[in-house]
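[1] Please find the sequence and the predicted model below.
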Amino acid sequence: MKLRFNLQALEPAVPGRARLYVRSVDEDDELELGDYSIAIQRSQNSYYLHSAQSWDASLRWLPQQGWVEHEDGIAVLLGPDIVDSLLANSSDAYQFTLATADGRELGKSPVKLDKAILPSTAGGNAQAMELTMPVAAPEAPAPEPVLETPPVLEVVEPAPEPIPVEAPAPVVEPPAPAPVAPPAKKGGMGKWIALVVLLLILAGAGYWFYSQSAKDSPAVADAPEDKPAVVATDACSMDKLADRPGLQFVQECVKETKTSEQWLAVIEEAKKAEQCDVAQRLYVNKAQSGDVKIAMAYAREYDPKDHQAHACFSKPNPATAAYWYETVLLSEPDNAQAKARFQELSQ
């Protein structure tokens, strides 16, 4: 049976809780209510979740209680043990598998985590009241009106301060005798004209001098040499790995804004430097966030048809390649190349 899994935050979001939706892709196959178990495998090292924050190479089924019908499938509420384990490393991708209570596997598919899902640490001790909190909320508005009283803080008597408008003082009438100035204008008009002409001459001379010296300014055009400084601030430069661990490098690098081609170039640099952990984490982070080009490139690293031996990808892995081709189909269901390779690798 071909299944689709979808993990969504509750509405409103509740820290440490999320709802898992499962439906059959084929209309002829339907999931009925019953007791089901799930297995969660991470892409980092293909380990399975065993318990809270505990992963191991062996398959482990996690029984889930409280399944309910939802539209054309079923759903169940997941608790902190699973939710916190999934959110612990944002660069990981996960594959969910569903099985009946007697261990019969029904189907599997990759899962995208809803960005609105919160870890239990985001809710403190308020989690226990998560489902009843909304009821108490409406009563809050009642006390609000009491707060209306304070606003009577019209004690904003500072208004009197403007009274010291001693401004009138400056209006000292004595200056009135200044009118005697008019006669001076008539007598010194020639001087003023001469002064204005002199200023115009000086301004013209200054402009000429400036325009002549400006010819030498081209040397300043070397300013563009500041560009290297911009490159130096790129958090994805391989030099940064010299003073920080790979995980920290990836966490800072993924905050950059780049095109798919630029991300692939960074990944290629990591591969050349044999920083395999960095290359794989970048692949997973970008592929999981919906970048189809990167998901396709990652799938080809493992696809027997396109695999090229490398220190970071020593041998092909059909199952892993199929996983990432299916991830591509979640974003682009009509991607012919991904569909063809997925079908062939799944046989």
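    Good, I have the coordinates.
[2] Against L345, how distant is H307?
    12 Å (Cβ to Cβ, to the nearest Å). Yep, even glycine has a C-beta here, placed from its N, CA and C like the rest.
[3] higher neighbour count, these two?
    Neighbour comparison, H307 and L345: the larger count goes to L345, with 22 against 17 (by other Cβ atoms under 10 Å).
[4] The more buried one is in what secondary structure piece?
    helix 336-346 (DSSP states H and E).
[5] One more: L118?
    Element membership for L118, per DSSP H and E: none, as it lies in no helix or strand.
[6] so what's it up against?
    A9, A13, V14, P15, G16 (Cβ atoms under 8 Å, 6 or more residues apart in numbering).
[7] if we can go back for a sec, mind listing residues that contact the helix holding L345?
    296, 299, 303, 305, 318-319, 321-322, 325-326, 328-329, 332.
[8] Quick check, central residue of the chain?
    Centroid-nearest residue in the chain: K255, 6.9 Å away (criterion: Cα atoms, centre = their mean).
[9] Surely that residue is in contact with Q248?
    No. K255 is beyond contact range of Q248, at 11.8 Å (criterion: Cβ atoms under 8 Å).
[10] So which residues of the stretch 1-150 of the chain form strands?
    Taking DSSP state E, counting those that start in this stretch as the criterion, the stretch 1-150 of the chain contains strands spanning 3-8, 18-24, 36-42, 48-51, 54-56, 62-64, 68-70, 73-78, 94-100, 105-111.
[11] domain ranges for the chain?
    Domain assignment for the chain by automatic domain parsing gives 3-120, 234-346.
[12] and the end-to-end length of the shortest one?
    This means domain 234-346. Using Cα to Cα, to the nearest Å, the end-to-end distance of domain 234-346 comes to 40 Å.
[13] and it, average pLDDT?
    For domain 234-346, mean pLDDT is 88.
[14] ok, now the longest one?
    When pLDDT is averaged along domain 3-120, the result is 88.
[15] Run the chain-centre distance for it.
    Its chain's C-alpha centre and that of domain 3-120 lie 23 Å apart, by Cα atoms, centre = their mean, to the nearest Å.
[16] do the same with the shortest one
    Here the centre of mass of C-alpha atoms in domain 234-346, compared against the chain's by Cα atoms, centre = their mean, lies 18 Å away.
[17] one step back: out of the contacts of helix 336-346, list just those in helices.
    M296, A299, P318, A319, A321, A322, Y325, E326, V328, L329 (DSSP state H).
[18] about what we covered before: take the strands of the stretch 1-150 of the chain and write them to TSV, including mean neighbour count and distance to C312.
    Formatted as TSV, the strands of the stretch 1-150 of the chain follow (neighbours: other Cβ atoms under 10 Å; distance: least, Cβ to Cβ, whole Å):
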stretch	mean neighbour count	distance to C312
strand 3-8	18	29
strand 18-24	19	32
strand 36-42	20	18
strand 48-51	17	23
strand 54-56	14	21
strand 62-64	15	31
strand 68-70	12	41
strand 73-78	18	33
strand 94-100	19	21
strand 105-111	19	21
